[in-house]
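Colleague: Attaching a predicted model along with its sequence, questions to come.
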Amino acid sequence: MDWHIPKGKAGRQKGSREKRQDKKKAYKNTQEKEEEKVIDLEQTLVIIKPDAVNRALSGEIIKRFENKGLQIVALKMLELTPYVLKEHYAHHKDKDFFEGLLGFMASIPSIAMILQGKEAVAVVRKMVGPTQGREAAPGTLRGDYSVSNQSNIVHASEDKDAAEAEIKRFFKKEEIHDYQKMDFDWIYSKDEKYLKK
Ligand code: CMP
């Protein structure tokens with residue numbers, strides 16, 4: 001008996017039809033395994049504001065997010081125009097600080113990035129802290145680096161809907177990168193990776 005020849009049901013050598021079916025089955029299994037790996041990752045937008053860029057805090061800010069385990073999937077420096085700023089801060093248009101805010105945000109370039117992770121929107125907001133730097137708790141970015149309402153070093157999307165709109169506002173699809181981080185398996189547990197939430 002030749003052990004190396006694949007045998008069909010009746011113990012005979014497999015025909016080309018059976019071999020095709022085997023290939024299909026193997027393909028389906030790998031597809032299912034890949035689908036299993038898909039987890040519920042969120043993306044959120046962060047802008048490193050002109051005060052932080054000027055104070056050379058950009059590296060420190062990026063490092064904090066990376067150390068936390070968030071994945072950078074897009075990043076660029078950009079000059080924010082009055083047009084985009086008016087849209088971005090439309091909900092503040094009646095506030096007395098609106099004009100000052102536009103001037104501040106357009107003063108020098110900012111750095112925009114998209115961070116990805118499980119519940120990334122809430123995780124990033126927690127790391128950033130409340131608007132007023134003087135009230136932000138130590139350990140948060142604003143708590144550690146800001147003593148101001150306006151110059152509060154970063155912007156982070158408020159919720160999932162805002163994140164979606166803001167990502168579209170500042171990034172083209174082709175600027176957002178889809179890649180698997182090497183340390184992914186060490187950042188989340190097996191359950192967190194395979195289950196939704
Ligand atoms: P952010 O929360 O990212 O988005 C709105 C921005 O408006 C806020 O950061 C500050 O930069 C700015 N801002 C909010 N409140 C005030 C205020 N009272 N005076 C000046 N600027 C403010």
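Modeller: Arrived safely, thanks for sending. Source: prediction; values computed, not measured.
Colleague: Out of the helices and strands in the protein, which is least certain?
Modeller: helix 16-37 (a mean of 67; mean pLDDT, DSSP states H and E).
Colleague: After it, which helix or strand is next? Please name it.
Modeller: Next helix or strand after helix 16-37 toward the C-terminus (DSSP states H and E): strand 42-48.
Colleague: Run the chain-centre distance for that following strand.
Modeller: Distance, stretch centre to chain centre, for strand 42-48: 6 Å (Cα atoms, centre = their mean, to the nearest Å).
Colleague: Need the CA coordinates for that strand. CSV is fine.
Modeller: Taking C-alpha atoms only, strand 42-48 is exported to CSV below (Å, rounded to 0.1, in the frame of the first residue of the first chain):
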residue,chain,number,x,y,z
GLU,A,42,-12.8,51.7,16.5
GLN,A,43,-11.0,54.6,14.9
THR,A,44,-10.8,58.1,16.3
LEU,A,45,-9.3,61.4,15.2
VAL,A,46,-6.7,63.3,17.2
ILE,A,47,-5.3,66.7,16.3
ILE,A,48,-2.1,67.8,17.9
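Colleague: Could you see whether the ligand lies near the very next helix or strand once past it?
Modeller: The first helix or strand that comes after strand 42-48 along the chain, using DSSP H and E, is helix 50-54. No - on the criterion Cβ under 6 Å from any ligand atom, helix 50-54 is out of touch with the ligand, staying 8.9 Å away. Just so you know, the C-beta spots here come from the backbone N, C-alpha and C atoms, and that holds for glycine as well.
Colleague: mind listing what's buried in helix 50-54?
Modeller: Neighbour counts over helix 50-54 (16 or more other Cβ atoms under 10 Å) mark 50-53 as buried.
Colleague: Repeat that for stretch 79-95.
Modeller: The neighbour-count check on stretch 79-95 (16+ other Cβ under 10 Å) flags 80, 85, 88-89 as buried.
Colleague: on that earlier part again, and of the buried residues of helix 50-54, the nearest to Ala106?
Modeller: Lowest distance from Ala106 to the buried residues of helix 50-54 (Cβ to Cβ) belongs to Pro50, with 8.2 Å.
Colleague: Quick one: residues contacting Tyr179.
Modeller: The contact partners of Tyr179, by Cβ atoms under 8 Å, 6 or more residues apart in numbering, come to Val73.
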